[in-house]
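K.L.:
no sequence for this one, just the structure:
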């Protein structure tokens, strides 16, 4: 199929490449002309502007927007929509907040433009492994664009088949699903990222317990000198905690068991926050997903106002002076 | 009554003073001879050694140990017990782990020495306001020593009486209770401190939200410039969050609304840890008490191994480079 | 002063009463004519409709809306505003989401109507003890209405004065503050309620640990038979966990130490949720306030889908069959 | 090699089978004679008693104990040790608390008996896939028994090799490690299980958010009707949350998307508790691992004393009556 792609960063560029490998025609645009030329060298049809991109596409057109969620995506969708005709389709493949999708889809529907939200997981590995996609929007449009999604998806590969799936939607086994109406794709992707935070934090806490078991703050006879790189590796084999994130951890630890090249100030994307907000809206207790988010917040700060208030209360009540040590409880309250 | 007191620090010295004010005779010992002489100048009978202290007491003797929980208390109790006779009593007024009380009481019982554990709350305010006491040990001993406890306790004061307490134990309204057998006094005090952690952290989080509402990391039209000192003060009046800890917070914030004199590296005593362990032993979900403890752990550290592992995983999966900013989510995952 | 009051429920009725006690003239309206007549019998000027209420007030008029937050308050404010004139003032004394305040204030400003948001704490105790108020809106309006706020507030009473407050805003010591512009009053009240959740959950966890210490699920030699009513009472005296919430707990436990008249399915108001959302917007770690909210969510449910998924995973991995017991870990994974 | 195996349950029996497949000689004993005979039919040397088992082994003997952690393992180790000679070895392959290992190893060392603790992961899948093993004890003994461990381990299989592991311990890639001295094997396995809890709870929360998105408690225009079975399946393909636990979840959901055959009352083994206790001993913040544990505690209970206390406080302060609904916040506080 023919498709326009706007935004050729780490994700957008590789999406174009993976589609071209499978014979699709990609008309590409990026604000960096250099990036556009680079992809043109790999076989894409270059566009110098949104006008150019839209002109190069035959109707009904499909334009995949792959930009950072937020104002730039919002504006670009408006700019593209202004150039499209009834029957055309806009795909937002970024990490948009699902309520924005619902709003946009309704607005575009008035112009008879279809809107598809695609939650896209795959990171820097997607080009080779394929992208896991969660798709929201009208079923008939999702069906029509199936060749695009099938090419981007990982396919069944050699992952063992889940029993009793014979009668269920076969697309899931290829690595993509039609989740439901507008917004549902990004909603599922949002929860996916929320889970990701929780999984990552579970490993982080566990490995910290292992690493600290050799701390000189512990009495000598309570220490073990554990090799965290070997532990991560062995858990990849036959253990119930094996996962892709563990594979990545094992690789990082094999490279440098102290991880000293990282500061540990961990960014968070909007999706972790939105997942917790969704949990609260639905009255679902989500302590693990919240804790994982908060650990990231705290990791990016020095001591907080709240912590200083704790010190102030302790001093006021018990005359406790702050002391620098870490592990050992210094004094009873 | 006559009582021996070993350990004349912030707590022990004031306990002696409060008892002497009420006419009790205090024989006092501390490893600092100077401290002993100071209290002698206030009317106490000074002892130069444990031998001297025990000799100065008439049987049945009562010796109140008021030392930091742990090895020093353990050793001192052994040293005192070696000098006592059947029918004498040892009181541990510190923050001992309740399982240590149970063990010690059993060992001393073989020597016919009674053991009383007293969880003592009051901080630097106890001398004037009195000490809230939770007492474990044999009922007949607790009853015999009632004059001591009554003098140390705050008394009913002008605190409004709780309805329907007429038929319940009157000692609670005076500020002390006989909680049960050996260890139960410190168990109740342990949980008391666990709750204290939770209360403190609730205020800390709330005030941090208020303080951060003026952060320049927020868009300008989302900020309020709130006066946290006034807020703490107003909540002392008619609000359901009024408490002693809030009084102390209000005083600290009135003094310096930025709390800049504190680092926010917050110590924890053993009791917060033991409370969580007790919850786990009893299969009680204690997320607030645990979170409060963990916030203290984290406050005393720089970025952790676990946080570095999060960064490593993010880099491995998505090519995410760490960035220094705090509040704003920089990029989708 | 003269004031109109719309909504005469538990809070609104008592606000009218407290104002009348202090000599203010209250023109009152409620959709229940009976309620209006009841307050008329206590000295209020009854109104049969919003028209009647507005007509009975002299300009510049002040109308205090005291209704459940949400649609009914929104509509009533619109209805009242349609009847007011430039220079008049609407007060929302309910638990409105502060972003709604900001929006409304801007809309009313176009009509030259002032909007004041008052976070009001005091519960069923406010009539006698006074209401703690956090006020948002234009300073000159708040100043003009000071007689109203001063009458509603608890006043300094016999609560000890916080040191070093001499140079700070004296209103806080009377029990009310001008927090800042529109929305700030409800923002502060929102955080207040968030803290309240945290405090309550800290006590809940602590008392559950105490209560479960006598559980027959524990080995007999690990049990204590603790009297939770006495423990709550004794902590009111000289202990650092003393608070109004503890007073209320002590009263409930003195009445019935088993609390068997309660189901423990605990409602939550919007404000606890909004506080967590505000924390997330500001990237503040709020584990205690979140945990307190989640405990309420969970308390209102039977076993959840998430819990069933845990069981399913355990069965799939280890062949573990669900068993009913609670405390004891039955089997290793 | 020749090895004795005591305890032929789900784990012990399959360990014997996997060893026999690789040509090892297994002398087996279980308190069920029938079970012993069953394995004899598969080629094992049956023993009718511990005496018989020890007699059937040539020195230096190795006896693998595979029983539930706790009293029965403790007693069996004592019983076996009483029958062994200097130079023999006892392996505890269960989920023993690592501090018990340290104590036992020291006691057995006095008899010149070696003690090896093996944390064994693999569940019901271990017979086919192999067991992931974390081994503590003297290096020379672990080395001598290497043929046993190599046979039990999964081997490298077709799992992609972690880069930069060339110079690291090759055993980890086969699925077993020598973690360190006595207790370290079970310590690592303990943390492994703690992480497992956290991972499971992350999925549980995420899927609950997805499942509740279709709840009729939400306004109709906020609902999605999501297919959780398809979502679990699609995440197995190219997504960063792919893992073995997700595979198991996908299978359970493909079988029955409502999971109605499970009650959701989730047991916990000692290891989750010990992991949190270890975190606390080491002053490591472990909010995710703790939350996961607490979710299990709560899942096995009806409404708690703590929750009833929350209701009691709300009633005392605000006159709030408990109401049954779940999702919607009914009233402001």
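P.N.:
Structure's in. What do you need? Values in this document were obtained by computation on a predicted structure and should not be read as measured data.
K.L.:
can you classify the closest residue to residue A:230 other than its chain neighbours as helix, strand or coil?
P.N.:
Using Cβ to Cβ, 6 or more residues apart in numbering or on different chains and skipping the chain neighbours, the partner closest in space to residue A:230 is residue D:172 (4.3 Å). In this view, the C-beta of every residue, glycine as well, is placed from N, C-alpha and C. Three-state assignment for residue D:172 (DSSP: H, G, I helix; E, B strand; the rest coil): helix.
K.L.:
I figured residue D:172 hits residue A:233, correct?
P.N.:
Yes - Residue D:172 lies in contact with residue A:233 (Cβ atoms under 8 Å); the separation is 3.8 Å.
K.L.:
quick revisit: quick one: pLDDT of the residue nearest to residue A:230?
P.N.:
Predicted confidence (pLDDT) at residue D:172: the value is 97.
K.L.:
ok, it to chain C distance?
P.N.:
Applying Cβ to the nearest Cβ, to the nearest Å, the value for residue D:172 to chain C is 21 Å.
K.L.:
on that earlier part again, of residue D:172 and residue A:233, who's got more company?
P.N.:
Legend: neighbour count by other Cβ atoms under 10 Å in any protein chain shown for residue D:172 and residue A:233, higher for residue A:233 (30 against 26).
K.L.:
just read off the phi/psi values of residue A:155.
P.N.:
With angles defined as degrees, to the nearest 10, residue A:155 sits at phi 80, psi 170.
K.L.:
which residues does it contact?
P.N.:
Taking Cβ atoms under 8 Å, 6 or more residues apart in numbering or on different chains as the contact definition, residue A:155 lies against A:130, A:174-175, D:237.
K.L.:
again with residue A:199
P.N.:
Contacts here follow Cβ under 8 Å, 6+ apart; on that basis residue A:199 touches A:243, A:245, D:198-199, D:202, D:241, D:243.
K.L.:
next step: the residues you listed restricted to strands.
P.N.:
Judged by DSSP state E, strands contain none of those.
K.L.:
from those, which land in helices?
P.N.:
A:245, D:198-199, D:202 (DSSP state H).
K.L.:
tell me the two of the residues you listed that are most distant?
P.N.:
Across those, the longest distance by Cβ to Cβ is 11.8 Å; it joins A:245 and D:198.
K.L.:
coming back round to it: could I get the contacts of residue A:199 as a markdown table with distance to residue D:125 and pLDDT?
P.N.:
Formatted as a markdown table, the contacts of residue A:199 follow (distance: Cβ to Cβ, whole Å; pLDDT from 0 to 100):
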| residue | distance to residue D:125 | pLDDT |
| --- | --- | --- |
| A:243 | 15 | 97 |
| A:245 | 20 | 97 |
| D:198 | 21 | 98 |
| D:199 | 17 | 98 |
| D:202 | 21 | 98 |
| D:241 | 20 | 97 |
| D:243 | 14 | 97 |
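K.L.:
just flag the most distant two among the residues you listed.
P.N.:
Spatial extent of those (Cβ to Cβ) is set by the pair D:198 and D:241 at 13.3 Å.
K.L.:
who has more neighbours out of these two?
P.N.:
Ranked by neighbour count (other Cβ under 10 Å), residue D:198 and residue D:241 place residue D:198 first, with 32 against 27.
K.L.:
what touches both of residue D:172 and residue A:233?
P.N.:
Contacts common to residue D:172 and residue A:233, judged by Cβ under 8 Å, 6+ apart, are residue D:165.
K.L.:
which helix or which strand is home to the residue lying closest to residue A:17 once chain neighbours are set aside?
P.N.:
Of all residues not flanking residue A:17 in the chain, residue A:127 sits nearest, at 5.9 Å (Cβ to Cβ, 6+ apart). Counting by DSSP states H and E, the element that carries residue A:127 is helix A:126-129.
K.L.:
what helices or strands is the helix or strand following that helix leaning on?
P.N.:
Sequence-wise, the next helix or strand downstream of helix A:126-129 (DSSP H and E) is strand A:132-136. Contacts defined by 3 or more Cβ pairs under 8 Å, 6 or more residues apart in numbering or on different chains; DSSP states H and E place strand A:132-136 against strand A:114-121, helix A:146-152, strand A:176-180, helix A:184-212, helix D:228-235.
K.L.:
which residue sits closest to residue A:30, ignoring its sequence neighbours?
P.N.:
Leaving aside its chain neighbours, residue A:30 sits nearest to residue A:8 (4.0 Å; criterion: Cβ to Cβ, 6+ apart).
K.L.:
how far away is that neighbour from chain D?
P.N.:
21 Å.
K.L.:
next up, the contacts around that residue.
P.N.:
By Cβ under 8 Å, 6+ apart, the contact list for residue A:8 reads A:16, A:28-30, A:32, A:35-36, A:39, A:66.
K.L.:
ok so, going back, now distance to residue B:120 too, for the ones in helices among the contacts of residue A:199, in CSV please.
P.N.:
Output for the ones in helices among the contacts of residue A:199, formatted as CSV (distance: Cβ to Cβ, whole Å):
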residue, distance to residue B:120
A:245, 48
D:198, 38
D:199, 43
D:202, 42
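K.L.:
out of these, which one sits closest to residue B:270?
P.N.:
For these, the nearest to residue B:270 is residue D:198 (25.7 Å; Cβ to Cβ).
K.L.:
distance of the residue lying closest to the closest one once chain neighbours are set aside from residue C:20?
P.N.:
Excluding its sequence neighbours, the residue lying closest to residue D:198 (Cβ to Cβ, 6+ apart) is residue A:202, at 2.9 Å. With distances taken as Cβ to Cβ, to the nearest Å, residue A:202 is found 59 Å from residue C:20.
K.L.:
give me the residue from the stretch 1-150 of chain A nearest chain D.
P.N.:
As assessed by Cβ to the nearest Cβ, chain D sits closest to residue A:132 within the stretch 1-150 of chain A, at 3.9 Å.
K.L.:
surely that residue touches residue A:125?
P.N.:
No - Residue A:132 is beyond contact range of residue A:125, at 10.4 Å (criterion: Cβ under 8 Å).
K.L.:
now the common contact residues for the two.
P.N.:
Listed as contacting both residue A:132 and residue A:125 by Cβ under 8 Å, 6+ apart are residue D:238.
K.L.:
quick one, which of the two is more surrounded?
P.N.:
The neighbour count for residue A:132 versus residue A:125, taken as other Cβ under 10 Å, is higher for residue A:132 (29 against 20).
K.L.:
please name the bridge partners of the more buried one.
P.N.:
Beta bridges link residue A:132 to residue A:121, judged by DSSP bridges.
K.L.:
does the residue in the stretch 1-150 of chain A positioned nearest to chain B count as helix, strand or coil?
P.N.:
Residue nearest to chain B within the stretch 1-150 of chain A (Cβ to the nearest Cβ): residue A:95, separated by 3.3 Å. Of the three states, residue A:95 takes coil under three-state DSSP.
K.L.:
got a list of what residue A:80 touches?
P.N.:
Residues near residue A:80 by Cβ under 8 Å, 6+ apart: A:6, A:50, A:54, A:63, A:65, A:90.
K.L.:
in CSV, list the residues you listed along with neighbour count.
P.N.:
Listed next are the contacts of residue A:80 as CSV, based on neighbours: other Cβ atoms under 10 Å in any protein chain shown:
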residue, neighbour count
A:6, 26
A:50, 17
A:54, 22
A:63, 26
A:65, 22
A:90, 25
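K.L.:
now whatever residue of the stretch 101-250 of chain A ends up closest to chain C: how far from residue D:14?
P.N.:
When scored by Cβ to the nearest Cβ, the stretch 101-250 of chain A has residue A:240 as its residue closest to chain C, at 5.3 Å. In this view, residue A:240 and residue D:14 are 15 Å apart by Cβ to Cβ.
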